[in-house]
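> Fold the following and give me the result.
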Amino acid sequence: MPLQVLATPIGNLADVSPRARRALAGAELVAAEDTRVTRKLYAALGLVAPRVLRFSGAGMQRSAQRIADEVASGKRVVVVSDAGTPVVSDPGHLAVRACLDRGLSVEPIPGPSAAVLAVSVSGLPCAPFHVLGFPPRKPGPLRRWLQAQGALPGSLVLFESPQRTASTVRAIADVLVDREVCLCRELTKLHEEVLLGGASELADQLAARELKGEVTLVIGPGEAPKRELAEPGEGLRSIAQALADRWGVPRREAYQRLLELERSLGG
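The predicted structure is shown next:
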């Protein structure tokens, strides 16, 4: 039996295909991102849950080998995420790779994917598009991350918590100037919402709102952002941070080199 990689609903139970239902019903082991979520899915579908193995957090390498052992023994094993297609921004790839490395078959059972759905309704170019997962939480790392990802061609897809969405869109407006952004919230659910606009315009709208639910952002393509070393008057420490990002060295080391340069120039 192959390892089955099965997409689960991202909100609407009607999106479970007959094939997916049969696979869930026939599974002898389910490897799940969160066992509680998976058991609720089984209950909602009126199915009896088999053994459910938590496949996230610490010990995933050992769990991946255990999953491969079960597949090798002929067990019907299914990998799921909490919502959507496994392996897209979750740890399921370790189980897939463990099976492939041992010459075992892997079978995809297609279904919902928040990233693909968001691109499909965004109105933004989708060839190519890049799924980036969740961005950094802190402002400084977020801006540097956007600076780096903004150089990629095509549209960018990222996931964000509703509490941080407004500040993230504001950072997009600051770093990726003139890009269009599509906010996709609660896709396939009762309060589904799709908003498209310039990053600055969308940031202004979101600043006055309290968002709830799952959020996927699609950033349209544009010119790669220009990396400025520092604005006038920012000082050596800001310049050192920019150089540290560019050189891939600690800021302290970049700062010391700047001081040496300044002294050599008679500053």
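> what sits against Gln149?
His130, Leu132, Leu156 (CB atoms under 8 Å, 6 or more residues apart in numbering). Where C-beta positions appear, they are placed from N, C-alpha and C, glycine not excepted.
> okay, now the domains of the protein?
Domain assignment for the chain, taken from automatic domain parsing, gives 3-112, 115-219, 228-267.
> mean pLDDT for those: which is lowest?
Looking at the domains of the chain, the lowest mean pLDDT belongs to domain 228-267 (a mean of 71).
> Tell me if Val194 really is in a helix.
No - applying DSSP: H, G, I helix; E, B strand; the rest coil, one finds Val194 to be strand, outside a helix.
> what about it, how many residues close to it?
Residues near Val194, counting by other CB atoms under 10 Å, number 17.
> what about it, distance to Ser122?
Distance, Val194 to Ser122, by CB to CB, to the nearest Å: 7 Å.
> Quick check: phi and psi on the residue minimising distance to the centre of the chain?
Computing the C-alpha centroid of the chain and ranking residues by CA atoms, centre = their mean puts Gly133 first, at 1.4 Å. Main-chain torsions, Gly133, degrees, to the nearest 10: phi 70, psi -150.
> Show me what it is bridged to.
Bridge pairing for Gly133 (DSSP bridges) gives the partners Leu158.
> what's near enough to touch Asp178?
Gly198, Ala199, Gly222, Glu223.
> ok, now how distant is the closest residue to the second one other than its chain neighbours from Gly26?
The reference is to Ala199. In this structure, Ala199 finds its nearest non-sequential neighbour in Ala173, 3.7 Å apart by CB to CB, 6 or more residues apart in numbering. According to CB to CB, Ala173 stands 49 Å off from Gly26.
> okay, the two: which has more neighbours?
Ala173 (19 against 13).
> so can I have JSON lines of the contacts of Gln149 showing distance to Ala166?
Shown next, in JSON lines, are the contacts of Gln149 (distance: CB to CB, whole Å):
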{"residue": "His130", "distance to Ala166": "23"}
{"residue": "Leu132", "distance to Ala166": "19"}
{"residue": "Leu156", "distance to Ala166": "18"}
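> Tell me the most packed of these, by neighbour count.
Neighbour tally across the contacts of Gln149 (other CB under 10 Å): the maximum, 25 neighbours, falls on Leu156.
> and it, that's in a strand?
Yes - counting by three-state DSSP, Leu156 is found in a strand.
> ok, and the closest non-adjacent residue to it?
Nearest to Leu156 is Ile219, by CB to CB, 6+ apart, at 4.2 Å.
> what's around the one you found, how many residues?
27.
> and the gap between the nearest residue to Pro110 once chain neighbours are set aside and Leu142?
If the residues on either side of it in the chain are set aside, Pro110 comes closest to Ala7, at 5.9 Å by CB to CB, 6+ apart. Taking CB to CB as the criterion, Ala7 is separated from Leu142 by 29 Å.
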